[in-house]
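> 3D, please:
(one chain, ligands or ions: 2)
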Amino acid sequence: MKSILNRLAAVLVAGVGVVGLVTTPAQAATVITAHLEIGFNTGVPAARTINLSVHVPMNEYDANGYLIHGGRIQVRFYGSDPGTDPMIYGPITWYRGDYGLTAGPDGIRLDYGWEVPQGSFLNEDSGWGNNGDEVYIEAKFIDGDGGTISADSNTEEGLY
Ligand SMILES: [Ca+2]
Ligand SMILES: [Ca+2]
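Ligands and ions are numbered 1, 2, ... in the order given. You can find the predicted model right below:
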């Protein structure tokens, strides 16, 4: 009797193993890229334009799955300085359904833009003789379980 039970157990374990192999798990998100563009709107009053592009490549099925289960993109602005870079704005977080955040055939994308007046948070250096500003973003993709990947963007330089 004991040997039959052992054999049954072995068959059950083998069965579970086969199911595990057949089931395709969602691919873990491992890559994130971030781009920042700061421009100038010459309207009246003049303004600075901010455009964010964040991309987390994956297939569309996984992209929708991540967002449905609480996946989100979070952005912080930093001023580049000697030593520690201060955070100058954020965090801003986009969830499923928020304007600018989409799931598509090439993954999860955030494309978002707005305008700020001259002298906004982008003016991260305003010292005598050191008025030039160097700004970048740190973008994080945070899944529903809190797993996080992040990337820094390019640095934009100007008199903001
Ligand atoms: Ca600086
Ligand atoms: Ca400045």
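> which stretches of the chain form strands?
Along the chain, counting by DSSP state E, strands occupy 33-41, 47-56, 72-79, 87-94, 101-104, 107-117, 133-142, 148-152, 156-158.
> pLDDT of the third one, averaged?
It stands for strand 72-79. Across strand 72-79, pLDDT averages out at 98.
> Let me know the angle separating that strand from strand 133-142.
Counting by axes from the mean of the first three to the mean of the last three C-alpha atoms, to 10 degrees, strand 72-79 points 160 degrees away from the direction of strand 133-142.
> quick one: contacts of strand 72-79?
Strand 72-79 has contacts (C-beta atoms under 8 Å, 6 or more residues apart in numbering) with 34, 52, 54, 56, 85-96, 101, 108, 110, 121-122, 124-125, 133-142, 152. C-beta coordinates here come from the backbone N, C-alpha and C atoms, glycine included.
> filter those residues down to the ones near ligand 2?
For ligand 2, the contacts drawn from the contacts of strand 72-79 by C-beta under 5 Å from the ion are 125, 133.
> Counting neighbours, which of the contacts of strand 72-79 end up buried?
For the contacts of strand 72-79, a neighbour count by 16 or more other C-beta atoms under 10 Å gives the buried set as 34, 52, 54, 56, 85, 88-89, 94, 96, 101, 108, 110, 121-122, 124, 133-142.
> Could you list the buried residues of stretch 152-160?
Along stretch 152-160, these residues count as buried under the neighbour rule (16+ other C-beta under 10 Å): 153, 156, 160.
> swap in stretch 97-117?
So stretch 97-117, judged by 16+ other C-beta under 10 Å, has buried residues 101, 103, 107-110, 112, 116.
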